[in-house]
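In: sequence plus the predicted model coming up.
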Amino acid sequence: MTGHFARILIILGWVGAACGAQPPETAEFIAAIKNVGPEGRGNIEAAGAWKKLAAGDASTLVPILEGMDGANDFALNWLHAAVDSISGRVLGAGGSLPWSDLGAFLLDTHHNPRARRLDFELLAKIDPATADKLLTGMLNDPSMEMRYDAVQKVIDQASLLLSASNKAGATLLYQQALNSARDAEQIDGIAQKLQELGQPVDTLKLFGFLTHWKIIGPFDNTGRKGFAAVYPPEERIDLSAEYDGKKGKVKWQDYLVTEKYGKVDMNQPFGKLKEVTAYAATDFFSDRAQAIELRLGGMNSWKVWLNGKLLSGRDEYHFNSELDQYVMPAQLQPGRNTILVKVCQNEQTEDWAGDWDFQLRVTDSLGTPVFSTTIGPNTSANIARP
């Protein structure tokens, strides 16, 4: 059990429950826990529900894991702790966990990625050898947690081949691992190995990051009002227009991404500003109508539009940032498609709060890049709407 979840158990005053006690209102307890929110909302009710839920037997594990679907981060912590408590108590008493039901849950990729990762950890406790074999088929798993372990398995196999002087075999396995890797540190490690083997890696091309942008700003974000504010680029993209910005006139300018993970760094053209908002726009051309995903990473407040339709947004600052952090299913139309990104910077002045950027790529449902059909992989040269 991780220290984080152990602390939750200690705070709740949970010492243990009699083996075999199964609460009859499991769904009710889960619902109470899923009502928790920021600033302690629902914590009192959740604490009581958690103690009863954590007193359940092994048969309640899968229902709890299913309850993690659609749960917020606060509720996920509570439910994770309940699974840890039940499984630890059952296994500690020499009991067994429901292998078949847990296995079926894992293989259903529609479930919450964190729940599936937790489920896999339970399976690994029951049968480590079989759990390890399951990783072979998870290189393209939608759960980044599962995919990480699957990629690491291939990396380890490549390392064994390399130590046996099989450079050709090791190169192929490292390339296979790189195609599925989404963790930056993991990618860097693979790229270094391939570099040493004479196979340099262009991560911008490999992952299909959008690199040619038009950007404009800064607009005002005092008091974090920029996320909700509607500035002119949201109403109409006119690359010849000039607008009133936070401290004077602003106009569109070119931005070419060179950072290896596709980072559009607003600090470069605008300076390290605070309480500001900016926009980035690009054209993406498709030879047909097709379902795709826009995959964004970033630690600032953001919104994304495709062809004038708002796809998604998140009003949160400096929490974390990772590749493919936010996935937005969308539909490309034949021909030109315009992507608009809004990214806000808040008032925090700490060194770690200086980032004001995002990364974006277009993929299929498995994370394989979809490239623009124009010279590029993408272009912003022709953005304009009447």
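Out: Received the coordinates, thanks.
In: buried residues in stretch 315-322?
Out: Neighbour counts using 16 or more other CB atoms under 10 Å place 317, 318, 321 of stretch 315-322 among the buried residues. For the C-beta atoms, the positions are set from N, CA and C on the backbone; glycine is no exception.
In: for the nearest residue to the first one once chain neighbours are set aside, report the pLDDT, please.
Out: Take residue 317 and drop its neighbours on the chain: the residue closest to it by CB to CB, 6 or more residues apart in numbering is residue 346, 4.5 Å away. Residue-level confidence at residue 346 comes out at 96, pLDDT.
In: re the thing from before, closest one of the buried residues of stretch 315-322 to residue 307?
Out: residue 321 (26.2 Å; CB to CB).
In: was I right about the closest one contacting residue 297?
Out: Yes: Residue 321 is within contact range of residue 297, at 5.5 Å (criterion: CB atoms under 8 Å).
In: any residues touching stretch 157-167, and which ones?
Out: Contact with stretch 157-167 is made by 169, 170, 171, 173, 174, 177, 193, 197, as judged by CB atoms under 8 Å, 6 or more residues apart in numbering.
In: top of those by neighbour count?
Out: Tallying neighbours with other CB atoms under 10 Å puts residue 174 at the head of these, with 28 neighbours.
In: wait, what's in contact with that residue?
Out: Per CB under 8 Å, 6+ apart, neighbours of residue 174: 155, 158, 190, 193, 194, 197, 199.
In: quick one: contacts for the residue nearest to the third one when sequence neighbours are not counted?
Out: Sequence neighbours aside, residue 178 is the residue nearest to residue 190 in space, at 4.6 Å (criterion: CB to CB, 6+ apart). The neighbours of residue 178, taking CB under 8 Å, 6+ apart as the test, are 187, 190, 191, 194, 201, 206.
In: gap between the first one and residue 131?
Out: Computed with CB to CB, to the nearest Å, the distance linking residue 187 and residue 131 is 24 Å.
In: higher neighbour count, these two?
Out: residue 187 (21 against 18).
In: look at residue 346 and say how many residues are nearby.
Out: When counting by other CB under 10 Å, one arrives at 22 neighbours for residue 346.
In: got it, and residue 200?
Out: 8.
In: verify the stated contact: it with residue 194.
Out: Yes: checked against CB under 8 Å, the pair residue 200 and residue 194 is within contact range at 7.1 Å.
In: hmm, back to that, next, format the contacts of stretch 157-167 as JSON lines and append distance to residue 49 and pLDDT.
Out: As requested, those are exported to JSON lines (distance: CB to CB, whole Å; pLDDT from 0 to 100):
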{"residue": "169", "distance to residue 49": "53", "pLDDT": "97"}
{"residue": "170", "distance to residue 49": "51", "pLDDT": "97"}
{"residue": "171", "distance to residue 49": "53", "pLDDT": "97"}
{"residue": "173", "distance to residue 49": "47", "pLDDT": "97"}
{"residue": "174", "distance to residue 49": "47", "pLDDT": "97"}
{"residue": "177", "distance to residue 49": "42", "pLDDT": "96"}
{"residue": "193", "distance to residue 49": "48", "pLDDT": "96"}
{"residue": "197", "distance to residue 49": "54", "pLDDT": "97"}
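In: just these now: which is nearest residue 282?
Out: Of the contacts of stretch 157-167, the one sitting nearest to residue 282 (CB to CB) turns out to be residue 177, at 29.6 Å.
In: excluding sequence neighbours, find me the nearest residue to that closest one.
Out: residue 154 (4.2 Å).
In: so that neighbour, which state does it fall into?
Out: helix (DSSP: H, G, I helix; E, B strand; the rest coil).
In: likewise residue 304?
Out: Classification of residue 304 using three-state DSSP returns strand.
In: before we move on, the earlier item: which of the buried residues of stretch 315-322 fall in helices?
Out: In helices, defined here by DSSP state H, there are no members of the buried residues of stretch 315-322.
In: JSON lines for these, including pLDDT?
Out: Below are the buried residues of stretch 315-322 laid out as JSON lines (pLDDT from 0 to 100):
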{"residue": "317", "pLDDT": "93"}
{"residue": "318", "pLDDT": "91"}
{"residue": "321", "pLDDT": "85"}
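In: show me what contacts residue 125?
Out: Contact analysis of residue 125 by CB under 8 Å, 6+ apart lists 87, 91, 97.
In: closest one to residue 301 out of those residues, please.
Out: residue 87 (37.5 Å).
In: quick one on the thing from earlier: out of the contacts of residue 174, which are buried?
Out: Neighbour-count burial (16+ other CB under 10 Å) applied to the contacts of residue 174 gives 155, 158, 190, 193, 194, 197.
In: helices or strands next to the helix or strand containing the third one in the packing?
Out: Yep, that's residue 190 we're talking about. Residue 190 belongs to helix 184-196 when assigned by DSSP states H and E. Counting contacts by 3 or more CB pairs under 8 Å, 6 or more residues apart in numbering; DSSP states H and E, helix 184-196 is packed against helix 144-163, helix 167-180.
In: can I get the ones you listed in CSV including distance to residue 291?
Out: Formatted as CSV, the helices and strands packed on helix 184-196 follow (distance: least, CB to CB, whole Å):
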stretch, distance to residue 291
helix 144-163, 21
helix 167-180, 21
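In: that'll do, ta.
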